[in-house]
Structures are given as structure tokens and as C-alpha cells.
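Colleague: Here is the input, now give the coordinates:
(chains A and B)
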Amino acid sequence: MLEIQNLTHTYADGHTAIKDINLTVQDGQLVSIVGPSGCGKSTLLRCIAGLIRPAEGRIVLDGTPADGVPDNLAVVFQDYSRSLFPWLTVRDNVALPLKQRGMSKAQRREAAMEALESVGLADAGSKYPWQLSGGMQQRVSIARALAYRPSLLLMDEPFGSLDAQTREDLEDLTLKVRGDGGMTILLVTHDIDESVYVGDRVVVLGASPGHVRADLTVDLPEPRDQISTRELPEFVRLRAEVGRLVRGAGETAEQAATAAT
Amino acid sequence: MAALFAASELLGRAEIVDRSYLPPASSVVTRAIELAGDTLFLQYLADTMTAWAVGLGLAIAVAVPLGLLLGSVPAVNAATRAIVEFLRPIPSVALIPLAGLLLGSGTEMKVALIVYASTWPILFNTMYGLAEVDPAGKDTLRVFGFGRLEILLRVSLPSAAPFIATGIRLAAAIALILAVGTEIISGFGEGLGIFIAQAYSVPDGARDVLAGTVWAGTLGLVIDAALGGAQRRMFHWHHARQGGTT
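Modeller: Next comes the predicted model:
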């Protein structure tokens, strides 16, 4: 279980990115986090990942307060081309973090190949990341995260720079990962449809400073399907509600900005 | 190149200039080829190349770790900046007499000067390469629980490697200049520079001076081409990425 308690972060320049965020995520849940730009989505994720030490509040994982980078964490970054290492083959990229798991070279290779197979890239192991398309590179990032067998997976706008078809494929891959269970997933996105389609819950953040504006439960039948799920009345209702909340949150931010000037 | 060759050939053959000052290009080249079979000359060549290789190797061994330290620990960089800024502008050739006084005119002196001169480009390229490392790569390993030293060795060093390689290539050329230059100026001992300096001091030595120079130039070209080729092979990922083939 992931508990985010009273999380507040102010940057050195005095800008408060997030204020008093409380969130509890059950094991195995996939929580989508959406919000207008400037709502502190990335700050929140970087705090949870231990890349930023929050000014106030804490992250508690399975009852233990996290100090720095939590154990059993994996992150899929938006910018796959910068987070994959161009001097390593695809297989070695996936295998590298497993050194932290104390696995032998043979075990690491086997686990890497297994993970690559699960994302549909069984044949790409000996290629270099830059020889693959953007969508395939992001699959490699996901395979790297999966091979690590994290208990918490953070995804920071992972499909933001991909074309629509690839994005749908990777959303379904994320759903498959969720279905396999055992992993708590936080997915930050700016795509409202996506947040509803893959989420068990959608948390909407408001801006200036970032705070939790709404926490909605997504009650859509499984398995989800790109066509039929998206035409369900419940899906349409939810996406409209999330859309209104995100837009409303953005307007509040703009009004606040106008008032401040 | 061909025009220069032809001009020197004509001027020499037509005796417009004295042959002892400027021998025809063909006779210089013939002499240079002859020298390949001259054991004493080859011994000299081996001496120069040994000093070059040892000096460059030591410079790499000093400059890369030092660059990693200065480039990744800002406090050390700030503390040593004054020393670095003081030493760097000293032309290494100006140190030849001083090094001669302290170390004599043997291999040690040559090597010391080569290390001094060729450390700088490697050091600065290592530091520059580190400054260019993408923080996204470092964050990636951080979230997987890797420590600072591991991130330095597994992300920063390989990212900076193409820059370090360019520094080594520059240093290789500088090391050759220092090896031959030190020999010419000090004038004693063994080496390609000694061969040139001794030929210079005898009458009719111009042909040998120029043949030695042809050897020095060829060495420089061969070394640079070999390192350039190695660089392209080793860092194909760097070039592929910069070329935007993704």
C-alpha cells in the first residue's frame, strides 16, 4: 500500500508546486493522475520516486516511511530516448537495473529476454535503442521496468509523444501489466480518455499550487477494449466529468493568475 | 600537395635553388623510403614512439580520473581551479630547458613533457563531456537504486566517452609534437627529432632533415587516421544518434 501524507513541495525559487496532497493507493491498483499543466503532476511523481525531497509530508510504502528512493520502484519516463542508454543493446538496457537485484549475468539476460518477449520485442534484444521506432523504444522502457519486478511502478506521461495507434497498443499493454497483478501503478497523463481507460481510479489535480481536486472510481467492465469500452455510457460519463474537472481546475488557475497580477 | 611536390622537384632539378638547401622532392622521398631499412634510424623511431606511447598512456591515466573527479565534485573543482588556471597557459615547449635541467635529456624528460602537455585536452574534454551528460539517464539509474559512484561509472563515463576520445585524439597529436620537438631542442640522445637535429648540423644534411620530417608527418597522419577510425567504430551509437537515424 502506498500512502502519500500531507505532501507539500516548494522549490528554491519560492514556487509551491504541490500543497498538502493526501492519497492512499491499494496494492495492485492503477491510479491515473490527470490535471492541467502546472498542477504539479511531475513534482508529485518525482517526490514519490525519491528524486526530490519534499519540503513537508511523507511517502509511506507498506507501512514504512520512505527515505530517498524507495526499494522495489521502477519508473517509465516520458522521454524514452533519453532514459535508454544508446551504448547498450536493448537487452543490456533491460538487464542493467537487475544488477541491483544481485542476479548473475545469465539470470539477468534470461529475465531481460523474458520481459522483452512480454512486450512483444523478443527479436529486438541485440539491436540498439536508436535503431527502433519511438513506440518500440517505450516498450523497451516498460520491459526494463517489468523485468525489475517492482511493487510500485510510476509512469510519467509515458505515451505523450507517441502516435495514436501506438498509444492505444501501449495502453492495452499497461492494462495487461495491471491484470497480471502484484504491482501498484501510478500513471501521470494529460490525456483524459487515457486516464479513464486504463485507471481503476482517476485522481484529478488542481493547479496553483497542485492539490487533489477529485478522486473518482472507474467502474468499467473487464477486460477493457479500445472500441467497446470507449462507447459505454459509463465511460462517456466519466470522461466528461474528468474533462470538466480538469478544465475547471485550469480556469481556477488562470483566475488566480489574473487576480495575482 | 601535388603542386608543392612538383614545384620542389622543378626548382631542385633546374638548380634554381641550391640542391643542398632544397633537394628535389623525389630524392627526399627516396631517402625516406631508404631509411625504412636503416637499423639505426628504426631504433631512433622506436625511441620516439615509445616516449609518445608511454607519455600518452600516462596522460590518459592521469587526466580521465582527474576529469571525472573535477567534473563530478564541484567543491574539488572550485578548490583546484586556481592551480589549473595557472598551469594551463604555460606553453609546454617553454618547459623543455627546465625539464632538461631537472631530468636530463633522456626518455624520462620527454615523457614528463608529453604527459604535461597532453593531459590538458583530455582533462578538459572529460570535464566538458561530464557537463553534457543528460540528467534523465542519471535519474533512470537513481530510481533503480544505483548509488552516485555507480551512476558516474555506468552513465556519466560512457556518455562522456566520445568527448574523452576526441580529447585523446588531440592529445595524441600534441604528444607527437612534444616527443619530436623535445628531441630537436635538447639535441642529445636518441629519437626521430635527434636524427633531424643531427642531419641539420652537417653539410648536405638537408635531404635527411626533410626525409625525417616526411617520417614525422606520416606518423602524425597514421596515428590520427587510426584513432579516428577507432573512434568511429567504438562510438557508432554517438554518431548514429547525432545523425538522427532514429
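
Colleague: quick one, what contacts the residue nearest to the spatial centre of chain B?
Modeller: Nearest to the mean C-alpha position of chain B, by C-alpha atoms, centre = their mean, lies residue B:172 at 2.2 Å. The contact partners of residue B:172, by C-beta atoms under 8 Å, 6 or more residues apart in numbering or on different chains, come to B:52, B:56, B:118, B:223, B:224, B:227. C-beta: built from backbone N, CA, C; applies to glycine.

Colleague: go again using 7 Å as the cut-off
Modeller: If a contact means C-beta atoms under 7 Å, 6 or more residues apart in numbering or on different chains, then residue B:172 has B:56, B:223, B:227 as its contacts.

Colleague: any idea which helix or strand carries the last one?
Modeller: So that's residue B:227. Here residue B:227, judged by DSSP states H and E, is contained in helix B:206-234.

Colleague: which strands and helices sit next to that helix?
Modeller: Counting contacts by 3 or more C-beta pairs under 7 Å, 6 or more residues apart in numbering or on different chains; DSSP states H and E, helix B:206-234 packs against helix B:25-35, helix B:157-186, helix B:192-200.

Colleague: what does the next helix or strand after it rub up against?
Modeller: Where DSSP H and E defines the elements, the next helix or strand beyond helix B:206-234 is helix B:236-242. Helix B:236-242 has contacts (C-beta under 7 Å, 6+ apart) with A:86, A:87, A:128, A:130, B:162, B:232.

Colleague: Apply 8 Å and report the result again.
Modeller: If you take C-beta under 8 Å, 6+ apart as the criterion, helix B:236-242 is touched by A:86, A:87, A:128, A:130, A:131, B:162, B:232, B:246.

Colleague: Pull the distance from that helix to the chain's centre.
Modeller: Relative to the chain's own centre, helix B:236-242 is displaced by 25 Å; criterion: C-alpha atoms, centre = their mean, to the nearest Å.

Colleague: I'd like the average pLDDT over it.
Modeller: The average pLDDT within helix B:236-242 is 76.

Colleague: Going by neighbour count, which of the contacts of residue B:172 comes out on top?
Modeller: Per-residue neighbour counts (other C-beta atoms under 10 Å in any protein chain shown) across the contacts of residue B:172 peak at residue B:56, which has 25 neighbours.

Colleague: contacting residues for the nearest residue to that one once chain neighbours are set aside?
Modeller: Of all residues not flanking residue B:56 in the chain, residue B:175 sits nearest, at 4.6 Å (C-beta to C-beta, 6 or more residues apart in numbering or on different chains). For residue B:175, the contact set (C-beta under 8 Å, 6+ apart) comprises B:52, B:55, B:56, B:59, B:114, B:117, B:118.

Colleague: Format the helices and strands packed on helix B:206-234 as a markdown table; extra columns: mean pLDDT.
Modeller: Below are the helices and strands packed on helix B:206-234 laid out as a markdown table (pLDDT from 0 to 100):
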| stretch | mean pLDDT |
| --- | --- |
| helix B:25-35 | 86 |
| helix B:157-186 | 93 |
| helix B:192-200 | 87 |
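
Colleague: so which of those gets nearest residue B:212?
Modeller: Between residue B:212 and those, the shortest gap by C-beta to C-beta is with helix B:192-200, which sits at 4.0 Å.

Colleague: in which helix or strand would I find residue 109?
Modeller: Looking at chain A here, since you left the chain open. helix A:105-118.

Colleague: try again with chain B
Modeller: Counting by DSSP H and E, residue B:109 is found in helix B:107-131.

Colleague: helices and strands around that helix, which ones?
Modeller: helix B:39-72, helix B:96-103, helix B:157-186 (3 or more C-beta pairs under 8 Å, 6 or more residues apart in numbering or on different chains; DSSP states H and E).

Colleague: that's a helix at residue A:3, yeah?
Modeller: No. Assignment of residue A:3 by DSSP: H, G, I helix; E, B strand; the rest coil gives strand, placing it outside any helix.

Colleague: Specify the local secondary structure of the closest residue to it other than its chain neighbours.
Modeller: In this structure, residue A:3 finds its nearest non-sequential neighbour in residue A:60, 4.1 Å apart by C-beta to C-beta, 6+ apart. The local conformation at residue A:60, judged by three-state DSSP, is strand.

Colleague: count of residues packed around residue A:60?
Modeller: 15.

Colleague: Can you name the residues that contact it?
Modeller: With C-beta under 8 Å, 6+ apart, residue A:60 has these contacts: A:2, A:3, A:4, A:5, A:66.

Colleague: List buried residues within the residues you listed.
Modeller: The neighbour count (16 or more other C-beta atoms under 10 Å in any protein chain shown) marks A:2, A:3, A:4, A:66 as buried among these.

Colleague: Adding distance to residue B:151 and pLDDT, write the residues you listed out as a markdown table.
Modeller: A markdown table is the format used below for these (distance: C-beta to C-beta, whole Å; pLDDT from 0 to 100):
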| residue | distance to residue B:151 | pLDDT |
| --- | --- | --- |
| A:2 | 25 | 90 |
| A:3 | 29 | 90 |
| A:4 | 26 | 90 |
| A:66 | 19 | 84 |
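
Colleague: Out of the residues you listed, which comes closest to residue A:173?
Modeller: Distance ranking of the buried ones among the contacts of residue A:60 against residue A:173, using C-beta to C-beta, places residue A:2 first at 22.0 Å.

Colleague: ok, and the closest non-adjacent residue to that closest one?
Modeller: Closest residue to residue A:2 apart from its sequence neighbours, by C-beta to C-beta, 6+ apart: residue A:25 at 4.3 Å.

Colleague: tell me the contacts of that neighbour?
Modeller: With C-beta under 8 Å, 6+ apart, residue A:25 has these contacts: A:1, A:2, A:3, A:31, A:184, A:186, A:201.

Colleague: which residues sit in contact with the second one?
Modeller: Right, residue A:2. A:23, A:24, A:25, A:48, A:59, A:60, A:61, A:152, A:184, A:186 are the contacts of residue A:2 under C-beta under 8 Å, 6+ apart.

Colleague: circling back to that earlier point, please compute how far the helix holding residue B:109 lies from its chain's middle.
Modeller: On C-alpha atoms, centre = their mean, the centre of helix B:107-131 falls 9 Å from that of its chain.

Colleague: just to revisit the earlier point, pull up the gap between the residue nearest to the centre of chain B and chain A, please.
Modeller: 22 Å (C-beta to the nearest C-beta, to the nearest Å).

Colleague: Can you give me the distance of residue A:240 to residue B:169?
Modeller: In this view, residue A:240 and residue B:169 are 61 Å apart by C-beta to C-beta, to the nearest Å.

Colleague: who has more neighbours, these two?
Modeller: Neighbours were counted for residue A:240 and for residue B:169 using other C-beta under 10 Å; residue B:169 has more, 19 against 12.

Colleague: could you list every residue that touches residue A:181?
Modeller: Residue A:181 sits in contact with residue A:28, where contact means C-beta under 8 Å, 6+ apart.

Colleague: let's see it at 10 Å
Modeller: A:27, A:28 (C-beta atoms under 10 Å, 6 or more residues apart in numbering or on different chains).

Colleague: how near is it to residue A:30?
Modeller: From residue A:181 to residue A:30 the distance is 11 Å (C-beta to C-beta).
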